[in-house]
Each structure stands twice: as C-alpha cells, then as structure tokens.
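J.: Requesting a structural model of the entry that follows:
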Amino acid sequence: MERWGALTFNAQQDQWMIRWKAHQEVLRCGEWFGLAVGRHSIPCRLERNPEWCILMPGARFHLRIQDTYKVEI
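T.: Down below sits the predicted model:
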C-alpha cells in the first residue's frame, strides 16, 4: 500500500475518504492518521463535534470539506 494519500470529503456519503492511485477507503471518527504539514507528518485523529475536525496534541482544527489534505496511514 502507498504511504501517502489524499483525504477528501464525499458529500453524498457525508464522510471523509482517503484516495490512493489504486483504491480508496473510508476514514471514520476516532481514526488516527498523519497530516502532512510541510515535510512533517503530524499525528491526528478525525472527529465530528458537530463539524468535522482533527485533533492533535494541543490543537483542534476544523476541516474544510472543499479542500484536499495530504495524509499518511
């Protein structure tokens, strides 16, 4: 499996998906992944309360459903 993928929002299914070249998978609340920030991967967890956000040590960020994020699993 590839290390890095694209995290995108699927509005029809109201969920976040990770896409690789060959396949995709659903990312559910509570799942951990690495978010690319520059050349670094920051461990974070996907949550919804009531909007989609990611939690990382000492911070919370709301995800913008129109954006794509580079992540690693």
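J.: For residue 72, which residues are in contact?
T.: 3, 4, 5, 33, 34, 36, 41 (Cβ atoms under 8 Å, 6 or more residues apart in numbering). In this view, the C-beta of every residue, glycine as well, is placed from N, C-alpha and C.
J.: what's the nearest residue to the third one if we skip its chain neighbours?
T.: Distances taken as Cβ to Cβ, 6 or more residues apart in numbering place residue 18 nearest to residue 5, at 4.3 Å, with adjacent residues excluded.
J.: Please look at the one you found and residue 10 and confirm they touch.
T.: No. Residue 18 lies out of contact with residue 10 (Cβ atoms under 8 Å); the separation is 10.9 Å.
J.: re earlier: model confidence at the residue nearest to residue 5, what's the number?
T.: Among the per-residue scores, residue 18 shows a pLDDT of 95.
J.: Residue 18 and residue 10: which has the busier surroundings?
T.: Relative neighbour count places residue 18 above the other of residue 18 and residue 10, with 21 against 13, counting by other Cβ atoms under 10 Å.
J.: Could you list every helix and strand that the longest strand along the chain packs against?
T.: Counting residues, the longest strand found in the chain (DSSP state E) is strand 40-48. The elements that strand 40-48 packs onto, with contact taken as 3 or more Cβ pairs under 8 Å, 6 or more residues apart in numbering; DSSP states H and E, are strand 32-37, strand 52-56.
J.: How far off centre is that strand?
T.: Averaging C-alpha positions (Cα atoms, centre = their mean, to the nearest Å) puts strand 40-48 7 Å from its chain's average.
J.: how about that strand: buried residues?
T.: The neighbour-count check on strand 40-48 (16 or more other Cβ atoms under 10 Å) flags 41, 44, 46 as buried.
J.: With that, I have no additional questions.
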